[in-house]
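In: Please find the sequence and the predicted model below.
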Amino acid sequence: MRLSQLALVGSSGITVGYQVTDAQGTQLATGKAAVNPLGGFDFTFAVPASANSGPANVQLSLDGASLPVQTGHQVQ
């Protein structure tokens, strides 16, 4: 790879989409977060009192990526 082909991920207005579901698959939040010039991003969402306890799922998808990334979290 030539040095001239390198670029920071966030240098082209890329966003990360997110979808949060509770233990029963109920959608809790969805949205997009801007990727900064260094490739970082952040987002927040409120977990409603009615959310089902147990393992929750956060699915992330980068604009232009072929597959989403999923991670699990425990809601108590």
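Out: Nice, thanks for sending it over. Numbers count the residues shown, from 1 in each chain.
In: Burial check on Val58, number of neighbours?
Out: Residues near Val58, counting by other CB atoms under 10 Å, number 17. (Each C-beta comes from the backbone N, C-alpha and C, glycine too.)
In: Kindly state the pLDDT recorded for Gln27?
Out: pLDDT, Gln27: 94.
In: Chain neighbours aside, what residue packs nearest to it?
Out: Among residues not flanking Gln27 along the chain, Thr21 sits closest, at 5.5 Å (CB to CB, 6 or more residues apart in numbering).
In: can you count the residues close to Val35?
Out: Val35: 20 neighbours (other CB under 10 Å).
In: Ok, Leu28 next?
Out: For Leu28, using other CB under 10 Å, the count is 19.
In: Then Ser66?
Out: Neighbours of Ser66 (other CB under 10 Å): 6.
In: again, but for Gly31
Out: 13.
In: Let me see the contact set for the spatially most central residue of the chain.
Out: Among the residues of the chain, the one closest to the centroid is Leu60, at 3.2 Å (CA atoms, centre = their mean). By CB atoms under 8 Å, 6 or more residues apart in numbering, the residues touching Leu60 are Val16, Gly17, Tyr18, Pro68, Val69, Gln70, Thr71.
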